[in-house]
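S.K.: Need a 3D model of the following:
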Amino acid sequence: MNIVLEAKQLRKEYQDKLALKGLNLQIKSGEIFCLLGQNGAGKSTTINLLLGFIKPTSGAAYINGYEVATNVTKVKEYLAYIPENVMLYPNLTGLENLALFSSLAGFDYSRDDLMQYLLNAGLPAEAAGRRVGAYSKGMRQKVGIAIAVAKHAKVLLLDEPTSGLDPKASNEFSKLLLHLSNAGTAIFMATHDIFRSKEVGTRVGIMREGELVDVLPAADLEANELEKLYLNHMHS
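M.R.: Now for the predicted structure:
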């Protein structure tokens, strides 16, 4: 299993605030790394640095061996990003969105192939031909997952993917992530969801005030232990 996402002494300062303090992290293909932390802990800054949306003050982020800051276009070939609210074209159908985004990534799929990607991501067949503007958050996420798979993304970045999902949609989403991880995709998930982190995570990191204060194998923890640990770090 090769390392496909890496942060080396990754640091980000805004004028009067240190948002990220020298983050060191390695994530291998097939691994699901869940990053827990309160709002303002540095989770979104980390994701924005990994995506190349912002430049680090010092240190570097790497995707599939390429330094992000100097290879922004190249790393997009290996990355898929699902923000809290998946950005799709509301006037296009699920199928049309998938066709558009996969063609922008250089892939030319038949309608049947596109449909299969959507079905594999758990989108009902009848929904594929409906405009995305009428989709629930869970349905938009499934299109996002289908886009990631169609792009052959090696790394999937997720920002608060389960917020606002009902338990059934959240459970379906967890199953999709495990399926992707079994297929070798590396997943980095910034979240508040302690239960999901324990359920799907390979490792769980806890971030506080821009610093990664703990990293633990999820298999070693019960969800209530994780919650206790998390709260201890928040109040220490």
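S.K.: Just grab the bridge partners of residue 80 for me.
M.R.: Counting by DSSP bridges, residue 80 forms beta bridges with residue 156.
S.K.: Next up, the contacts around it.
M.R.: Listed by CB atoms under 8 Å, 6 or more residues apart in numbering, the contact set of residue 80 reads 144, 147-148, 151, 153, 155-157. Quick note: C-beta positions are derived from backbone N, CA and C, even for glycine.
S.K.: Filter those residues down to the buried ones.
M.R.: With burial judged by 16 or more other CB atoms under 10 Å, the buried subset of these is 144, 147-148, 151, 153, 155-157.
S.K.: all helices of this structure, in order?
M.R.: Applying DSSP state H to the chain gives helices spanning 43-51, 72-75, 94-104, 111-120, 125-128, 137-150, 167-182, 194-200, 223-235.
S.K.: mind putting those helices in TSV, distance to residue 11 and mean pLDDT included?
M.R.: Compiled in TSV, those are given as follows (distance: least, CB to CB, whole Å; pLDDT from 0 to 100):
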stretch	distance to residue 11	mean pLDDT
helix 43-51	9	95
helix 72-75	19	92
helix 94-104	32	96
helix 111-120	38	96
helix 125-128	43	95
helix 137-150	28	93
helix 167-182	29	91
helix 194-200	25	88
helix 223-235	20	75
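S.K.: now these in JSON lines, with distance to residue 57?
M.R.: Converted to JSON lines, these look like this (distance: least, CB to CB, whole Å):
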{"stretch": "helix 43-51", "distance to residue 57": "10"}
{"stretch": "helix 72-75", "distance to residue 57": "17"}
{"stretch": "helix 94-104", "distance to residue 57": "31"}
{"stretch": "helix 111-120", "distance to residue 57": "39"}
{"stretch": "helix 125-128", "distance to residue 57": "44"}
{"stretch": "helix 137-150", "distance to residue 57": "29"}
{"stretch": "helix 167-182", "distance to residue 57": "31"}
{"stretch": "helix 194-200", "distance to residue 57": "28"}
{"stretch": "helix 223-235", "distance to residue 57": "24"}
